[in-house]
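Trainee: Here is my input, please return the structure:
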Amino acid sequence: MATKTPTHTTSDGRRLLVVDDDREIRDLLSALLTRRGYKVVTAREEHEMRQILETSRVDLIILDVMLPGKDGLTICRELRATKAIPIIMLTSRGEPMDRIVGLEMGADDYLPKPFEVRELEARVKAILRRSEASFSSADPDRSFGARFTFAGWTLDARLRQLFSPQNVLVDLTSGELDLLLVFAERPQRVLSRDQLMDLARGREATVFDRSIDVQVSRLRGKIESDPKTPELIKTVRSSGYIFTPVVQRK
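Mentor: Just a heads-up that it's a prediction; the model follows:
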């Protein structure tokens, strides 16, 4: 992991929670991210993390997989069931399947150790931008403030909320919501995986990031009557995906 510290700072002011049992990593990330303008708090394990979440506002969690007691993947799954805070998983295991499992547990991103601090910082910025719905003005299709309705569902882009046909608020990760917004903006069009990745994640997406299939699977699990035979998000063989319903924009 790179330790070179940038000499300039930002004024982001967002509060990050670093959860890692390695004190050296906690101190390093705290120092580096603080210099970049973030407010950083740290925890060694789940109990400390829970105490912080109960008493402080947290905008993003950087969560290690290998923790004493309850592991990071389990913690991520439990957090995702009750909170919409973005989560970046850190792990010393870099196998693709580990990444997929992390994303399936609800993580917004997954970074193997050792990593470049600049890459972590870029991912933090990207996820915070997406969670705040700060869409790029260079993309004419972005619809900040719009409401989309389709097949009884309502997607509020300004509030970043999805309501079911029964008017129940559906919990989506920031990545899932971004992906659904891309589909809602471009209904009945075949979109390749690369297009979806670029549109949902912008320039922060990398050639190594192939999490779109995982995100589509998770999204189907939340909006399809039968995720095994999807009707809203259909796979187009050798091409990508298509969002089939008629979408109305308000």
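Trainee: and the next element down the chain from the helix or strand of the chain with the lowest mean pLDDT?
Mentor: Least confident element among the helices and strands of the chain, by mean pLDDT, DSSP states H and E: helix 96-104 (a mean of 69). Using DSSP states H and E, the next helix or strand after helix 96-104 towards the C-terminus is strand 109-112.
Trainee: Need the contact partners of the helix or strand harbouring residue 148.
Mentor: Using DSSP H and E, residue 148 falls within strand 147-150. Strand 147-150 is contacted from outside by 154-158, 181, 184-185, 187, 232, 243, 245-250, using Cβ atoms under 8 Å, 6 or more residues apart in numbering. Using the backbone N, CA and C atoms, a C-beta is placed for each residue, glycine as well.
Trainee: Whichever of those residues end up buried, select them in ChimeraX.
Mentor: Selecting the buried subset of these in ChimeraX, with 16 or more other Cβ atoms under 10 Å as the burial test, is done by:
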select :154,155,157,181,184,185,187,232,243,245,247
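Trainee: Tell me which of the contacts of strand 147-150 fall in strands.
Mentor: Under the assignment DSSP state E, the contacts of strand 147-150 contribute 154, 155, 156, 243, 248, 249 to strands.
Trainee: Redo those as JSON lines? Include distance to residue 18.
Mentor: Shown next, in JSON lines, are these (distance: Cβ to Cβ, whole Å):
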{"residue": "154", "distance to residue 18": "36"}
{"residue": "155", "distance to residue 18": "32"}
{"residue": "156", "distance to residue 18": "31"}
{"residue": "243", "distance to residue 18": "37"}
{"residue": "248", "distance to residue 18": "43"}
{"residue": "249", "distance to residue 18": "39"}
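Trainee: Report the central residue of this protein.
Mentor: Centroid-nearest residue in the chain: residue 108, 2.7 Å away (criterion: Cα atoms, centre = their mean).
Trainee: ok, the closest residue in space to that one that isn't next to it in sequence - contacts?
Mentor: The spatially closest residue to residue 108, leaving aside those adjacent along the chain, is residue 86, at 4.6 Å (Cβ to Cβ, 6 or more residues apart in numbering). Contact partners of residue 86, counting by Cβ under 8 Å, 6+ apart, are 59, 60, 61, 108, 127, 128, 130, 131, 173, 174.
Trainee: Sweet, I'm off.
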